[in-house]
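Q: everything below, folded, please.
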Amino acid sequence: MRNVSLRQFRTVEAVSRLGKINLAAAELGLTGPALTLQIQQLERDAGVVVFDRTREGMVPTAFGLAFLEAAHAIEESLATLADSIDSMKGLRSGRLRLGVVSTGKYFAPQLIAAFRKQVPDIDINLFIGNRAEIIQKLRDHEVDIALMGRPPRDFDVRSQMFGDHPLVFIAPADHPLAGVLDISRERIAQEQFLVRESGSGTRISLEIFLSEVPRRLEELGTEMGSNETIKQAVIAGLGLAFISAHTIEQEVKLGRLVILDVIDTPIRRQWFSVSRTDRATNPAMQAFERFLLAEGARHLPVVTKPYPANAFG
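A: Numbers count the residues shown, from 1 in each chain. Prediction:
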């Protein structure tokens, strides 16, 4: 393995990502035959097959995936080295690849803007996706830090809590339960729900909340792919939702949605910044994590239950 070159690692990465010899060769500035020779030489030196040649294209084998993981780690180490050298030179610059679960898109721009005011020379690339997509990017070394509700447990990460994440029941403003106090778990369970995909944080929390109601989880509700779709569907009267309070600030202010006063809610979860334990933190990551710990919570949207004027009269 000591004879494997950086060029060969980059070849493995390009072929794995693009799936075609000609596309990878064009990206790397090589001819197809030259790139093929590189792969063949790598396979001879390692004594393993790195790619399966299929009708659909080049598919990495288990050995190829191991090379790909090493390629990602090497590129990260080189980027960290460059950032460290800049830091030692006294340059407050660098690069941060930030992954944010879709619920976080409602506050991520404010977080980034506040951070950039303190450290204006750090370049930030922002990736938004559902929980599964962001975890995969973290696993594949495609993001440095991920902001999410529950850190993954199937690979080693370090996590830091930076703020509360309240989850609430919402309804259209004209719903019969709007303004009703102390709605029971059993009463809210009678409603039709609009829910996110299986495995999402809010859906898991709703399932836990309703698990005490017999047979309620057998047909949880209608699945929808985004918080925006769910909010519009609730406004249209298609059902209720259990959702992050951070996603509904504007709709509540405009009177299009109301937060229901369900007993034992809001359910309070936390927001975490998450990074891999098997990589060194570069100066940009360290600066952003310090910022989140000191100031992250104050940039999260705040929404409270809009009790009716006569509720306590």
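
Q: only C-alpha atoms for contact and neighbour calcs from this point on.
A: OK.

Q: now do the strands in the stretch 1-150 of the chain.
A: Secondary structure of the stretch 1-150 of the chain, counting by DSSP state E, counting those that start in this stretch: strands at 51-54, 57-60, 94-101, 122-129, 145-148.

Q: what strands line up against the second one, and which way round?
A: What it means is strand 57-60. Sheet pairing here is set by DSSP bridges, and for strand 57-60 it gives strand 51-54 (antiparallel).

Q: buried residues, the partner strand. List them.
A: Buried residues in strand 51-54, counted by 16 or more other C-alpha atoms under 10 Å: Phe51.

Q: tell me how far the ends of stretch 82-101 are from each other?
A: One end of stretch 82-101 sits 28 Å from the other (C-alpha to C-alpha, to the nearest Å).

Q: so can I have CSV of the strands of the stretch 1-150 of the chain showing distance to Ser273 and mean pLDDT?
A: What follows is the strands of the stretch 1-150 of the chain, written out as CSV (distance: least, C-alpha to C-alpha, whole Å; pLDDT from 0 to 100):
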stretch, distance to Ser273, mean pLDDT
strand 51-54, 35, 88
strand 57-60, 31, 89
strand 94-101, 9, 89
strand 122-129, 14, 91
strand 145-148, 5, 95
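
Q: now the lowest-mean-pLDDT helix or strand in the chain: how far from the chain's centre is it?
A: Least confident helix or strand of the chain, by mean pLDDT, DSSP states H and E, is helix 62-88 with a mean of 79. Remark: helix 62-88 is offset 21 Å from the chain centroid, using C-alpha atoms, centre = their mean, to the nearest Å.

Q: mind starting the numbering at 46 from now?
A: All right, first residue 46 from here; so that's helix 107-133.

Q: which strands and helices lie in contact with it?
A: On a contact count with 3 or more C-alpha pairs under 8 Å, 6 or more residues apart in numbering; DSSP states H and E, helix 107-133 meets helix 51-63, strand 139-146, helix 328-340.

Q: and it with helix 51-63, angle?
A: 120 degrees (axes from the mean of the first three to the mean of the last three C-alpha atoms, to 10 degrees).

Q: what's the closest of the strands of the stretch 46-195 of the chain to Ile119?
A: With C-alpha to C-alpha, the closest approach to Ile119 among the strands of the stretch 46-195 of the chain belongs to strand 139-146: 16.1 Å.

Q: got the angle between the closest one and helix 328-340?
A: If you take the same axes, to 10 degrees, strand 139-146 sits at 50 degrees to helix 328-340.

Q: tell me which residues in strand 139-146 are buried?
A: So for strand 139-146, counting by 16+ other C-alpha under 10 Å, buried means Gly139, Arg140, Leu141, Arg142, Leu143, Gly144, Val145, Val146.

Q: how near is the fifth one to Thr125?
A: Distance of Leu143 to Thr125, given as C-alpha to C-alpha: 15 Å.

Q: need the strands of the stretch 46-195 of the chain in JSON lines with distance to Ser250, can you?
A: Output for these, formatted as JSON lines (distance: least, C-alpha to C-alpha, whole Å):
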{"stretch": "strand 96-99", "distance to Ser250": "41"}
{"stretch": "strand 102-105", "distance to Ser250": "37"}
{"stretch": "strand 139-146", "distance to Ser250": "16"}
{"stretch": "strand 167-174", "distance to Ser250": "19"}
{"stretch": "strand 190-193", "distance to Ser250": "14"}
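
Q: one step back: can you tell me which of the helices and strands packed on helix 107-133 is most buried?
A: Of all the helices and strands packed on helix 107-133, strand 139-146 carries the top mean neighbour count, a mean of 22, counting by mean count of other C-alpha atoms under 10 Å.

Q: which residues touch stretch 50-68?
A: 69, 72-73, 76-77, 80-81, 83-84, 87, 102-105, 109, 112-113, 115-117 (C-alpha atoms under 8 Å, 6 or more residues apart in numbering).

Q: just the buried subset of the residues you listed, please.
A: 69, 80-81, 83-84, 87, 103-105, 109, 112-113, 116-117.

Q: need the max-distance pair from these.
A: For those, the farthest-apart pair by C-alpha to C-alpha is Thr81 and His117; their separation is 20.7 Å.

Q: next up, the contacts around the residue nearest to Asp201 when sequence neighbours are not counted.
A: Using C-alpha to C-alpha, 6 or more residues apart in numbering and skipping residues adjacent in sequence, the residue nearest Asp201 is Thr322, 5.8 Å away. Contact partners of Thr322, counting by C-alpha under 8 Å, 6+ apart, are Asp201, Val202, Arg203.

Q: could you identify which of those residues has the most neighbours?
A: Per-residue neighbour counts (other C-alpha atoms under 10 Å) across the contacts of Thr322 peak at Val202, which has 17 neighbours.
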